[in-house]
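Student: Take a look and give me a structure for this.
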Amino acid sequence: MSPLPPGPHFLGIQEAVDLDPRNPLARYEKAGVLAASNTDVGVVRAIAELEALMSIAPGEASVYFQVRMALPPIRKATIYAKCG
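Tutor: Modelled structure (predicted):
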């Protein structure tokens, strides 16, 4: 995967994640910036961040909501079909 061009906002969030990888707010913000890039690479990286966040804050509903919003429509259809 090619890296996204980092902006100052993203670099600040990345620094926060590097300082404390278990900081849920920093990871949530990072996922939001990545998802907002509207690129395939950004969405894939956002979902990876949200999956990591699920293990840090497993009961946080907003994380699951963001995963659903970040998934491409075809993936959503596959998940819904599996759920019945």
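Student: quick one: secondary structure of residue 42?
Tutor: Using DSSP: H, G, I helix; E, B strand; the rest coil, the secondary structure recorded for residue 42 is helix.
Student: Flag every buried residue along stretch 56-68.
Tutor: Buried residues in stretch 56-68, counted by 16 or more other Cβ atoms under 10 Å: 63, 66, 67. Any C-beta I mention is one placed from the backbone N, CA and C, and that applies to glycine too.
Student: what about the last one, which helix or strand?
Tutor: By that I understand residue 67. In the assignment (DSSP states H and E), residue 67 maps to helix 61-70.
Student: Output the contacting helices and strands for that helix.
Tutor: Using 3 or more Cβ pairs under 8 Å, 6 or more residues apart in numbering; DSSP states H and E, the elements in contact with helix 61-70 are helix 24-36, helix 40-56.
Student: any idea of the mean pLDDT in that helix?
Tutor: Helix 61-70 shows a mean pLDDT of 84.
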